[in-house]
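K.L.:
Give me coordinates for this.
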Amino acid sequence: MLFLLLAFLVALLPGGDTVEFKKPISFHVIQISSFYNRSWAENLFSGWLGELEIYRWDTESGSFVFLRSWSKGNFSSKEWMDLGEFLHTHLISFTQETWKYAHQLQAEYPFVLQVAAGCELHSGEASVGFVQEAYQGTDLLRFQNNSWLPSPEGGSKAQDVCRLLNKYEGLKERVHWLLSDTCPRFVLGLLDAGKADLQRQVRPEAWLSSGPRPGPGRLLLVCRVSGFYPKPVQVMWMRGNQEQPGTERSDILPNADGTWYLRVTLDVEAGDAAGLSCRVTHSSLGGQDIVLYWEHHTSIGFILLTVIVLLVLLAGLAIWFGKRWTHNCSPCTVASLK
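P.N.:
A predicted model of the protein is given here:
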């Protein structure tokens, strides 16, 4: 039932245009179904172009949420409304069928089913389709060479499910067609509609700071990089042309404006910090990497500290002179008034 969603899309696909792309790109739909008991289940559904979520299913309204201005592609609102009704029916049927076979497959409540299906396109090469299903977070089965294959981690349960699915030859042919024909054309339509956004380049900003001291005589060097798009980025602590071992990277996290943020740290002896630099490589930089030197950071920090101290001293002197002037001139003011 999940793959009928992509089958419905084939009637909506734009045709004829060729979209060029340099790196492999994938589209996949994810369905996460949580079955709490024999009468209560919850379904989450989303669509992804690469690592970019572009669709989400709103269970309460029974409709799609479009997360990008171009997520609708060339489809009309009426076509997306029909597709939403189709998906709503699918989720109901999927839930009922799972309840029906849960006892036969020895599924114990509560349990979670996770399904991912889609395709990956390589420029100038045939696309690669994929279907994976997991039960309770463990691989259950996959679709390969026009057949359902059990995962070793799935045990006897995976074998039983595959034995059941492989009886339906029509379903296997339909899934193969969806992965090899429908999905690639759908991806090309999305790439064409979202070309301006997907090819957007935003330069990163980078700055250095020190974190909490890891221990006596040690420093935690922090290199922060933010505001870059697209997501792929390389950030390294370097000494000359050598990347330093022990570098730790955070997850690449999203900013509110759709750009990305990354934090890279290095724990070093205080005396070894001299000569270190943070190098940032990103497609928006045109081959001109950002290089920040730790010595410059400490020099700027010292200058700022010195300026702050001087400003505090000047402010204190100004207040002191103001009080002296007020005290000394008070008798003069009284005399003039008389």
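K.L.:
shouldn't residue 112 be in contact with residue 35?
P.N.:
Yes: in terms of Cβ atoms under 8 Å, residue 112 counts as a neighbour of residue 35; the distance is 7.4 Å. Quick note: C-beta positions are derived from backbone N, CA and C, even for glycine.
K.L.:
Who has more neighbours out of these two?
P.N.:
Neighbours around residue 112 and residue 35, counted as other Cβ atoms under 10 Å, are more numerous at residue 35. The numbers are 21 against 14.
K.L.:
Where does the prediction get shaky in the stretch 151-300 of the chain?
P.N.:
296-300 (pLDDT under 70).
K.L.:
what about the strands in it?
P.N.:
205-210, 218-228, 234-239, 242-243, 248-249, 253-254, 260-269, 276-281, 290-293 (DSSP state E, counting those that start in this stretch).
K.L.:
Columns distance to residue 158 and mean neighbour count on top of the ones you listed, output as CSV?
P.N.:
Shown next, in CSV, are these (distance: least, Cβ to Cβ, whole Å; neighbours: other Cβ atoms under 10 Å):
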stretch, distance to residue 158, mean neighbour count
strand 205-210, 47, 16
strand 218-228, 41, 20
strand 234-239, 38, 18
strand 242-243, 42, 10
strand 248-249, 35, 12
strand 253-254, 35, 10
strand 260-269, 37, 18
strand 276-281, 42, 21
strand 290-293, 48, 16
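K.L.:
can you redo those as a markdown table with distance to residue 179?
P.N.:
Converted to a markdown table, those look like this (distance: least, Cβ to Cβ, whole Å):
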| stretch | distance to residue 179 |
| --- | --- |
| strand 205-210 | 41 |
| strand 218-228 | 33 |
| strand 234-239 | 32 |
| strand 242-243 | 39 |
| strand 248-249 | 34 |
| strand 253-254 | 29 |
| strand 260-269 | 30 |
| strand 276-281 | 34 |
| strand 290-293 | 41 |
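K.L.:
Ok, which of those strands comes nearest residue 24?
P.N.:
When those are compared by Cβ to Cβ, strand 234-239 sits nearest residue 24, at 18.3 Å.
K.L.:
Which neighbours in the sheet does that closest one have, and how are they oriented?
P.N.:
Strands that pair with strand 234-239, judged by DSSP bridges, come out as strand 242-243 (antiparallel), strand 276-281 (antiparallel).
K.L.:
between these, which gets nearest to residue 45?
P.N.:
Of all these, it is strand 276-281 that lies closest to residue 45, at 36.0 Å by Cβ to Cβ.
K.L.:
Give me the neighbour count for residue 54.
P.N.:
Look at residue 54: counted by other Cβ under 10 Å, it has 21 neighbours.
K.L.:
domains for the protein, by residue range?
P.N.:
23-199, 205-294 (the TED database).
K.L.:
Take those and write them to CSV, including distance to residue 318.
P.N.:
Compiled in CSV, these are given as follows (distance: least, Cβ to Cβ, whole Å):
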stretch, distance to residue 318
domain 23-199, 54
domain 205-294, 32
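K.L.:
now the helices for the stretch 1-150 of the chain?
P.N.:
For the stretch 1-150 of the chain, applying DSSP state H, counting those that start in this stretch gives helices covering 4-9, 77-102.
K.L.:
nearest to residue 181, of these?
P.N.:
The nearest among those, by Cβ to Cβ, is helix 4-9 at 9.8 Å.
K.L.:
For the closest one, the averaged confidence score.
P.N.:
For helix 4-9, mean pLDDT is 45.
K.L.:
Among the helices of the stretch 1-150 of the chain, show me which one is buried the most.
P.N.:
Highest mean neighbour count among the helices of the stretch 1-150 of the chain (mean count of other Cβ atoms under 10 Å): helix 4-9, with a mean of 18.
K.L.:
related to what we said a few turns ago, which of the helices of the stretch 1-150 of the chain sits closest to residue 116?
P.N.:
That would be, of those and by Cβ to Cβ, helix 4-9, which comes in at 12.6 Å.
K.L.:
Could you identify which of the helices of the stretch 1-150 of the chain has the lowest mean pLDDT?
P.N.:
helix 4-9 (a mean of 45).
K.L.:
just so I know, which of the strands paired with strand 234-239 lies nearest residue 75?
P.N.:
Across the strands paired with strand 234-239, closest to residue 75 is strand 276-281 (Cβ to Cβ), at 37.5 Å.
K.L.:
what's the closest of the helices of the stretch 1-150 of the chain to residue 234?
P.N.:
Proximity to residue 234 (Cβ to Cβ) singles out helix 4-9 among the helices of the stretch 1-150 of the chain, at 34.5 Å.
K.L.:
which residues does residue 167 contact?
P.N.:
By Cβ atoms under 8 Å, 6 or more residues apart in numbering, the contact set of residue 167 is empty.
K.L.:
which non-adjacent residue is nearest the residue most central in space within the chain?
P.N.:
Note on the chain: the residue nearest the mean C-alpha position is residue 51, at 5.4 Å, using Cα atoms, centre = their mean. Excluding the flanking residues, the one nearest residue 51 by Cβ to Cβ, 6 or more residues apart in numbering is residue 231, at 6.0 Å.
K.L.:
Surely that neighbour touches residue 251?
P.N.:
No: in this structure residue 231 lies outside contact range of residue 251 using Cβ under 8 Å: 11.1 Å.
K.L.:
which of these two has more neighbours?
P.N.:
residue 231 (14 against 7).
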